[in-house]
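*Asks:* model the following, please.
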Amino acid sequence: MIILGIDYGEKNTGIAITDKSQILAYPLTTIRTENYRELIKEIIKIVNDNSVDEIVIGFPKNMDGTIGEKAKKTQKLRADLQKEVAIPIELFDERLTTVIGYKKLHSGNVKKRKKKSVVDKTAATVILSDYLKYKENKIESK
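*Replies:* The predicted model follows:
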């Protein structure tokens with residue numbers, strides 16, 4: 001079962017994917033977000049090309065747990081994608097994933113110019129990795 005992770009942003013949307021056994025999550029690509037319809041088409045193409053079984057989208061709640069404008073836009077993305085694909089689409093709390101993405105890149109000595117081009121797909125990878133851990137813990141606690 002392959003899971004696609006999405007870090008939906010105002011300028012760029014990061015995409016990550018798992019291997020079939022869901023052991024690894026790795027960065028796949030970054031899509032420009034400026035044209036919303038094209039973004040939806042690109043995501044659907046990735047889903048179809050990679051035989052994706054589930055999608056998880058980072059849900060950017062405010063630090064106090066409330067839902068702001070960005071989270072509402074993410075809910076709309078989920079609803080619009082759900083109209084196009086017949087697979088589960090989950091929203092998963094993504095607070096601080098972009099910060100973690102930058103820290104991972106910094107610790108890896110990635111140059112500043114390069115960081116901007118990979119931070120979104122790195123954040124998507126963090127979301128997806130956290131989701132895999134969440135699912136694993138949920139199964140173990142049953």
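
*Asks:* tell me what the longest helix anywhere in the chain is packed against?
*Replies:* Scanning the chain for the helix with the most residues, using DSSP state H, yields helix 112-140. Helices and strands touching helix 112-140, by 3 or more CB pairs under 8 Å, 6 or more residues apart in numbering; DSSP states H and E, are strand 3-7, strand 12-18, strand 25-32, strand 54-59, strand 89-93, helix 97-107. C-beta here means a position set from N, CA and C on the backbone, and glycine is covered the same way.

*Asks:* lowest-confidence helix or strand of this protein?
*Replies:* Least confident element among the helices and strands of the chain, by mean pLDDT, DSSP states H and E: helix 97-107 (a mean of 55).

*Asks:* just want the angle from the longest helix of the chain to strand 89-93.
*Replies:* On the basis of axes from the mean of the first three to the mean of the last three CA atoms, to 10 degrees, helix 112-140 is oriented at 110 degrees to strand 89-93.

*Asks:* dump the helices and strands packed on helix 112-140 into JSON lines; add distance to Ile44 as well.
*Replies:* Below are these laid out as JSON lines (distance: least, CB to CB, whole Å):
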{"stretch": "strand 3-7", "distance to Ile44": "11"}
{"stretch": "strand 12-18", "distance to Ile44": "12"}
{"stretch": "strand 25-32", "distance to Ile44": "12"}
{"stretch": "strand 54-59", "distance to Ile44": "10"}
{"stretch": "strand 89-93", "distance to Ile44": "12"}
{"stretch": "helix 97-107", "distance to Ile44": "23"}
